[in-house]
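# Any chance you could fold what I've pasted below:
(2 chains)
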Amino acid sequence: MRNDTSYHSVMSRKNETLKASIGIDYQQFELSPIAFDYEGLMNSYGYSLPDIQRIQMETGVGNTPLVELKNITELVRSVSALGKGGRIFVKDERACPSGSFKDRRASLSVYHAARLGYKGVVAATSGNYGAAVASQAAKYGLKAIILQEVYDSHKVGQPEILEKTRTCEAYGAEVWQLTVGPELFYIMLLILEETGFFSASLYIPTGVLGIETLGYELAQQVKEQEGRSPDMVVIAHAGGGNVTGTARGLQKAGVHETAVVGVSVDLRGLHMASDYDFNRKSFTTAHSGFGFPFLTWPDRTDVPRNTARALRYLDRYVLVSQGEVFYATELLAKLEGMERGPAGNTSLAAAIPLAKELDRDQILVVQETEYTAAGKLPSSQLTFAEENGIEVRRGHPKGNIPGKVIVIPERIEQMRIEEVSLNGIRESYLKNAIEAAKGYKPAEQDILFLAEDSKSSAEFVRKTLNSFVITAST
Amino acid sequence: MKRTSQEKHINSAHKGDLVQIHKVILTPEQRPADLPAPTKAVPYEAWIKGLLLNKEAKIGDTVQIETFIGRQLSGTLVEVNPLYDHNFGKPRPELLSIGKEVKKAPEGKNREPSHEK
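Numbering: from 1, shown residues only, chains lettered A, B, ... in the order given. Below is the predicted model:
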């Protein structure tokens, strides 16, 4: 049947294709139609944190500088209440070989693929992860195929993704530039069948374990430099790996009191699979179009069970606007002498209003930056936005309308965050879990799993599940 | 970004030239039903680069290429010596003054070189 390459035929072979290309039998971790052994899956490859640190050191991944943003901190203090304005630090992940924290994910997955004897790796990604996989594949002598959603049906492409095509090809990868659509998964399965390569999915255990070193390192660096733990770590959130890996790394460093804050760029109202909406956004990752669906149902991805489960770790989830991220990018360049890519400054944009909440002796860590290049700049992204009919102007960020208006703040005190109710997210997650279980009645172990998976309590889960029954019967 | 008009397009290629091919992966009818209308109305397409394996070819011909990892693929020849034409964008008036604005000392005081704890 393998010669039948039609959409439905390839999709129907999904499970066997993925099993062959990842080397994990996910079935063995399933405990019920709801619960699975998350830590068992995470540990199934047998990599400890010291193993991962050693593997990453061999290819120059990690050990990035932790830099205090003294001038931005001072600016924030100038508009904070008396005694407020925490110290802002940034983990300069741009120092990784391909220019972002994604090298941490790719390094372990590509190492693993090489160890298992795969000849190549495949990844479906329009972001920095493609460059990271291509870079690591070059180091291990493996072939890389990167599948990117780049163009709308008029062959107009996001400048940021076109830059990703260039950099992946610079590392020697075969790049498929595709139009908009969820069939990215279909073409990935088809290529995995054809090549027998390893699927370097963002959501396999190595894709998340590789980021634990980031959380661990930053906790160690703050401890060494300041003799204490960070009070808040701010993390851009899309598919969930960044939050999950960083938070797990903090825990492994013995840091349990630090507030873990996820941030996405607000693109609510734009449909992620729409050919029309595709080029009406300036951010192609770390936005709400991924952030919400992956929190409310992580198992929607290219593997049977997603190891990136941000809801397990988040203490807060906040949104910022595109214009505020561009403004923060300008501040970082002009006040701190660090020119970095806008998408990597999503968490910095949120850090500015968040630092106003903290006391002056408290420490906030922005846990990433990314490289910048043609296409990955406020100027190129705003030029592209205007070419696609988006209004760009200065003003109060509350005037931002995703897909219509980008407002660059006029003053630092206009920077704000929109708090998302995590309990609301948890309710949606529980609803999705019950629906996916198709009539199965949750047992005690399922209640405990759901409580852990949503960072809530058995009591919260029971109360919420009961409310569904009441709603359904009235 | 849109292709700029001053580019000089080359219409034919020889074996070993870097080219870009185009493939229609799924026609609108072959695409899944649950897509947003603007997406469902158009084909699912791909563009891939590689070195031309045919002795000679013109734009629009069906050709074979060898990709950067040595795989052979076929498709319609659409570009010879494909250009990376994404750029730094135009200077943005909305951004130009931000540096000057934030470097103004708060309350008219000079900022100290190191922060106070």
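# Return the per-residue confidence for residue A:219.
As summarised for this prediction, residue A:219 has a pLDDT of 98.
# Show me the shaky parts of chain B.
Along chain B, the model assigns pLDDT under 70 to residues B:1-9, B:105-117.
# repeat that for 50
Across chain B, residues meeting the criterion (pLDDT under 50) sit at B:1-2, B:4-6, B:108-111, B:113-117.
# Spell out, range by range, the strands that occur in it.
B:12-14, B:18-26, B:44-52, B:56-58, B:62-66, B:72-80 (DSSP state E).
# could you give the angle of the second one to strand B:62-66?
Put simply, strand B:18-26 runs at 120 degrees to strand B:62-66, going by axes from the mean of the first three to the mean of the last three Cα atoms, to 10 degrees.
# quick one: contacts for residue 52?
Assuming you mean chain A. Counting by Cβ atoms under 8 Å, 6 or more residues apart in numbering or on different chains, residue A:52 touches A:108, A:209, A:210, A:212, A:213. Just so you know, the C-beta spots here come from the backbone N, C-alpha and C atoms, and that holds for glycine as well.
# switch to chain B, that's the one I care about
Neighbouring residues of residue B:52 by Cβ under 8 Å, 6+ apart: B:13, B:14, B:15, B:16, B:17, B:18, B:19, B:63, B:64, B:65, B:77.
# what does residue B:62 give?
Residues near residue B:62 by Cβ under 8 Å, 6+ apart: B:74, B:75, B:76, B:77.
# Hmm, residue B:63 and the first one touching each other?
Yes - contact status for residue B:74 versus residue B:63: in contact at 6.7 Å, counting by Cβ atoms under 8 Å.
# In terms of neighbours, single out the busier of the two.
Here residue B:74 and residue B:63 are compared on neighbour count by other Cβ atoms under 10 Å in any protein chain shown; more neighbours surround residue B:63, at 22 against 12.
# if we can go back for a sec, looking at the strands of chain B, which is buried most?
When the strands of chain B are scored by mean count of other Cβ atoms under 10 Å in any protein chain shown, the highest mean neighbour count falls to strand B:44-52 (a mean of 21).
# So what angle separates the directions of that strand and strand B:62-66?
Angle between the axes of strand B:44-52 and strand B:62-66 is 70 degrees (criterion: the same axes, to 10 degrees).
# Can you pull the phi and psi angles for residue A:444?
Torsion angles at residue A:444 (phi, psi; degrees, to the nearest 10) stand at phi -60, psi -40.
# Which segments of chain A make up each domain?
In the domain annotation for chain A, the residue ranges read A:7-51+A:101-203, A:52-99+A:206-420, A:422-473 (automatic domain parsing).
# Return the distance of the shortest one from the chain's centre.
Read that as domain A:422-473. Using Cα atoms, centre = their mean, to the nearest Å, the distance from the centre of domain A:422-473 to the centre of the chain it belongs to is 25 Å.
# Could I get the contacting residues of residue A:55?
A:47, A:107, A:108, A:111.
# For residue B:55, grab the count of nearby residues.
Residue B:55 is surrounded by 7 other residues when neighbours are defined as other Cβ under 10 Å.
# Roughly how far does the nearest residue in space to it that is not next to it in sequence sit from residue B:82?
Take residue B:55 and drop its neighbours on the chain: the residue closest to it by Cβ to Cβ, 6 or more residues apart in numbering or on different chains is residue B:15, 5.3 Å away. Separation of residue B:15 from residue B:82 (Cβ to Cβ, to the nearest Å) stands at 17 Å.
# what do you get for residue A:193?
Distance, residue A:193 to residue B:82, by Cβ to Cβ: 28 Å.
# Which one's more surrounded, those two?
Shown here are residue A:193 and residue B:82; by other Cβ under 10 Å, residue A:193 has more neighbours (18 against 14).
# A helix includes that one, no?
Yes - Residue A:193: assigned to a helix according to DSSP: H, G, I helix; E, B strand; the rest coil.
# hey, where'd the helices end up in the stretch 101-250 of chain A?
Using DSSP state H, counting those that start in this stretch, the helices found in the stretch 101-250 of chain A span residues A:102-116, A:128-140, A:159-170, A:184-195, A:205-226, A:241-252.
# Now the fifth one: buried residues?
Residues of helix A:205-226 classed as buried by neighbour count (16 or more other Cβ atoms under 10 Å in any protein chain shown): A:205-219, A:221-222, A:226.
# how far off helix A:128-140 does it point, in degrees?
Computed by the same axes, to 10 degrees, the angle between helix A:205-226 and helix A:128-140 is 100 degrees.
# what do you get for the third one?
Taking the same axes, to 10 degrees, one finds helix A:159-170 and helix A:128-140 inclined to each other by 10 degrees.
# Check which helices and strands helix A:159-170 sits against.
With contacts defined as 3 or more Cβ pairs under 8 Å, 6 or more residues apart in numbering or on different chains; DSSP states H and E, the secondary structure elements packing on helix A:159-170 are helix A:128-140, strand A:143-151, strand A:174-179, helix A:378-387.
# For the closest residue to residue A:129 other than its chain neighbours, give me its contacts.
Counting by Cβ to Cβ, 6+ apart, residue A:102 is the residue found nearest to residue A:129 once chain neighbours are left out, at 4.4 Å. The contact partners of residue A:102, by Cβ under 8 Å, 6+ apart, come to A:96, A:127, A:128, A:129, A:131, A:132.
# one step back: just put the contacts of residue A:52 in a markdown table and tack on distance to residue A:273 and pLDDT.
Supplementary listing: the contacts of residue A:52 in a markdown table, determined by distance: Cβ to Cβ, whole Å; pLDDT from 0 to 100:
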| residue | distance to residue A:273 | pLDDT |
| --- | --- | --- |
| A:108 | 30 | 97 |
| A:209 | 30 | 98 |
| A:210 | 28 | 98 |
| A:212 | 32 | 98 |
| A:213 | 34 | 98 |
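# And the contacts of residue A:102, which is closest to chain B?
Distance from chain B was checked for each of these by Cβ to the nearest Cβ. The minimum falls on residue A:131, at 14.1 Å.
# looking at chain A, which helix or strand is least sure?
Each helix and strand of chain A was given a mean pLDDT (mean pLDDT, DSSP states H and E); the minimum falls on helix A:458-473 at a mean of 87.
# Measure how buried residue A:371 is and give me the count.
Residues contacting residue A:371 under the criterion other Cβ under 10 Å number 20.
# Spatially nearest residue to it, not counting backbone neighbours?
Distances taken as Cβ to Cβ, 6+ apart place residue A:99 nearest to residue A:371, at 2.8 Å, with adjacent residues excluded.
# my guess is residue A:335 meets residue A:71, correct?
Yes - using Cβ under 8 Å as the test, residue A:335 is close enough to residue A:71 to be in contact (4.0 Å).
# Could you tell me which residues of the stretch 251-400 of chain A lie near chain B?
Listed as neighbours of chain B in the stretch 251-400 of chain A under the rule Cβ under 8 Å from any Cβ of the partner chain: A:271, A:273-276, A:326-327, A:330-331, A:333-335, A:360-361, A:374-375, A:377-384, A:387, A:392-394.
# Buried ones from those residues, can you make that a PyMOL selection?
Selecting only the buried entries of those in PyMOL, with 16+ other Cβ under 10 Å as the criterion:
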select buried, chain A and resi 271+273+274+275+276+326+327+330+331+333+334+335+360+374+375+377+378+379+380+381+382+383+384+392+394
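# For chain B, give me its nearest residue in the stretch 201-350 of chain A.
For the stretch 201-350 of chain A, the residue positioned closest to chain B under Cβ to the nearest Cβ is residue A:334, at a distance of 3.4 Å.
# Give me the secondary structure label for that residue.
helix.
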